[in-house]
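# Need a 3D model of the sequence below.
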Amino acid sequence: MSSIPAGLVSAPAPATSGPGVPSRSQIDGWISDIDHLSSTASWLRSQAEKAEAAADAHAQQLSAPGGTEWEGEAADTAQERAYGDRGVVYRAADHKREMAKVADLGAQNLFQLRNRALEAISQAEDDEFEVGEDLTVTDKHSYTTRELNLCLAREAIAKEHQDAIMTWAKALAAEDAQVGAKLSAGAIALDAMLPQHWNNAGTDKTGEPHIQAVDNQIERDEDGAESSDPQTDSDPAGPLPSESEGFVIGPPTKPKLEWDEDFEYGSQSPTLKDWRDRAEWQAKLAGGRLLRPDLDDATAMYEHYWDNDGKPIVFDYEEAYREDTGVRANVNAEIARAQRAAEDLVRAGNTSFSMTGNASATKEYPVTENWQKAIGGYQQWSSADVRVDGNKVTMEVTVHAEDHYNFNRGETDIGTGTPDEVNGRFAEVGWAKPFDSSGSVTRTITWELGSAPSGEAGGPQFNPGREDRVDGRGSAGSFPDWPSNNRGTGRVGLP
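Numbering: from 1, shown residues only. This is a model prediction of the structure:
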């Protein structure tokens, strides 16, 4: 401003929000979309369970229709096809659970981003600025020519508020678009999983496909209840003697896991900017280790990323269980699943055996910043030794956590707003290397045969009234932001 006319002046408003940025009322109303995402996640999990139950019942009924064992070539053909269909249903159900996780995490991220945007608006208003429907920030006050310095200072403050509001508003819209794209792609992939011959059977009222094999079918009556051919209708015969809840009898066997890599290692040459960024981020790492002891596991993992050797590491899953209620819920849920499987296998006649389960994405996201960045969303499976003494079942179960430390193109860290491309770039130029990480928790549980498996398991509990370490590291602290990526660390031990 080169000159000020006599009289009153007002701090000018910054540029308007522009296209693609939500309005103030849209930000406020985003809560309905968030609630819808949460409901979608619950619906997907419910549909996955119903589909698996229908497939199990169908396959089991074909083994003994009406309680009579069915033999012969027709029986073999029908049973082979039924078990093949069941495998397809199981894969589709697992895919639905993955989609549910996307919806859950999306709802969490959007909730945090919406709150940040509304907080930024409130802060501007607390400083006596007006925030318009298009998110423009204007000063409520006018100034005389003698108050030029105050006018300029208020203009600068208005711009700071404008930038903060726009940052969170754009992040909210971007996250919403990203979640929508993932769910749409997931729906397309789900359709592709269904066999072509199911198209002839159509779908039921819930959107689930009929499961049909030869002369026996499971469908739904007008009330939505399951029914089957009257001549073969019977109660499910129970789980197969060697398989239940995704577990099979046998020694611990790590499931095959595949991970995406968005940034090809060593695929590009570093530029001058890359060298500057490297110095900046290594300085941030050093500062984080010194000033943020509560992120000790996170910084250790990021440091190992910079070790650039790609060696797998082991993180302290017991520590995560103590410190993070989300992790604890995941472990307890997996133990309960193993307990249900063990009881099924015991009822099938097994009395002393080992069993191993399949892997699945965890349902709960860590709530502490340290473990959000350490393992974020990860895979989990379990193995166990089971023995029966009379009516008492004892199980020593080990819950295994599996993760892959890397960065995802198009995602950002909500806490800092840093795009994943920034750190993924270091892998592209060959300076840092993604790696696998894992951890485990072991518990021994005893229960009376026939009692319902519990979702709660024994083990150390985090006491929010005090620290579990004298130096305060790993404290649950206040409720933090969910990062949209899975960056993190574990207390590192190289094998």
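
# you'd agree residue 355 is in a helix?
No. Per DSSP: H, G, I helix; E, B strand; the rest coil, residue 355 lies outside any helix segment and is strand.

# Any idea what it is bridged to?
For residue 355, the beta-bridge partners are residue 249, residue 384 (DSSP bridges).

# and the gap between it and residue 193?
27 Å (C-beta to C-beta, to the nearest Å). For every residue, glycine as well, the C-beta is placed using N, CA and C.

# Which residue of those two possesses the greater neighbour count?
Taking other C-beta atoms under 10 Å, residue 355 and residue 193 do not tie; residue 355 has more neighbours (27 against 12).

# for the stretch 51-200 of the chain, what spans make up the helices?
Assigned by DSSP state H, counting those that start in this stretch, the stretch 51-200 of the chain shows helices spanning 73-126, 148-193.

# Let me know which of these is tucked in deepest.
helix 73-126 (a mean of 18; mean count of other C-beta atoms under 10 Å).

# packing partners for that helix?
helix 24-29, helix 31-63, strand 129-131, helix 148-193, strand 211-213, strand 360-361 (3 or more C-beta pairs under 8 Å, 6 or more residues apart in numbering; DSSP states H and E).

# tell me which strands and helices the last one is in contact with?
Using 3+ C-beta pairs under 8 Å, 6+ apart as the contact criterion, the elements in contact with strand 360-361 are helix 73-126, strand 379-389.

# The first one to helix 148-193, inter-axis angle?
Think helix 73-126. Counting by axes from the mean of the first three to the mean of the last three C-alpha atoms, to 10 degrees, helix 73-126 lies at 170 degrees to helix 148-193.

# Could you do the shortest one as well?
Here strand 379-389 runs at an angle of 60 degrees relative to helix 148-193 (the same axes, to 10 degrees).

# Buried residues in strand 379-389, which are they?
Across strand 379-389, burial judged by 16 or more other C-beta atoms under 10 Å covers 379-386, 388.

# closest to residue 428 among those residues?
Nearest to residue 428, judged by C-beta to C-beta, of those is residue 379 at 25.3 Å.

# Might you list the low-confidence residue ranges for the stretch 101-250 of the chain?
194-245 (pLDDT under 70).

# The helices and strands packed on strand 360-361 into a markdown table, with extra columns for distance to residue 269?
Shown next, in a markdown table, are the helices and strands packed on strand 360-361 (distance: least, C-beta to C-beta, whole Å):
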| stretch | distance to residue 269 |
| --- | --- |
| helix 73-126 | 34 |
| strand 379-389 | 34 |
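
# and the residue lying closest to residue 391 once chain neighbours are set aside, what does it touch?
Leaving aside its sequence neighbours, residue 391 sits nearest to residue 449 (C-beta to C-beta, 6 or more residues apart in numbering; 4.9 Å). The contact partners of residue 449, by C-beta atoms under 8 Å, 6 or more residues apart in numbering, come to 343, 346-347, 388, 391-393.

# all strands for the stretch 251-400 of the chain, in order.
Assigned by DSSP state E, counting those that start in this stretch, the strands in the stretch 251-400 of the chain fall at 313-314, 352-357, 360-361, 379-389, 392-405.

# Tell me which of those sits nearest to residue 246.
strand 352-357 (5.2 Å).

# residues making contact with stretch 28-48?
Identification of contacts with stretch 28-48 by C-beta under 8 Å, 6+ apart yields 22, 92-94, 96-97, 99-101, 103-104, 106-107, 110-111, 114, 118, 172, 176, 179, 183, 206-208, 363.

# Show me which positions of that stretch end up buried.
Buried residues in stretch 28-48, counted by 16+ other C-beta under 10 Å: 30, 33-34, 37-38, 40-41, 44-45, 47-48.

# pLDDT averaged over it - what is it?
Stretch 28-48 shows a mean pLDDT of 89.

# Tabulate the helices of the stretch 51-200 of the chain (TSV), appending distance to residue 409.
Below are these laid out as TSV (distance: least, C-beta to C-beta, whole Å):
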stretch	distance to residue 409
helix 73-126	16
helix 148-193	11
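
# of all those helices, which lies closest to residue 422?
helix 148-193 (15.2 Å).

# Quick one: list the elements packing against the closest one.
On a contact count with 3+ C-beta pairs under 8 Å, 6+ apart, helix 148-193 meets strand 8-10, helix 31-63, helix 73-126, strand 129-131, strand 137-139, strand 142-144.

# try 10 Å
strand 8-10, helix 24-29, helix 31-63, helix 73-126, strand 129-131, strand 137-139, strand 142-144 (3 or more C-beta pairs under 10 Å, 6 or more residues apart in numbering; DSSP states H and E).

# what angle do the fourth one and helix 31-63 make?
With the same axes, to 10 degrees defining the directions, helix 73-126 sits at 170 degrees from helix 31-63.

# chain center to helix 73-126, what's the gap?
On the basis of C-alpha atoms, centre = their mean, to the nearest Å, helix 73-126 sits 9 Å off its chain's mean C-alpha point.

# Could you measure from residue 44 over to residue 96?
5 Å.

# go on, residue 36?
Relative to residue 96, and taking C-beta to C-beta, residue 36 is found at 17 Å.

# repeat for residue 403
Between residue 403 and residue 96 the distance is 22 Å, computed by C-beta to C-beta.

# can you check residue 148 too?
63 Å.

# same deal with residue 313?
32 Å.
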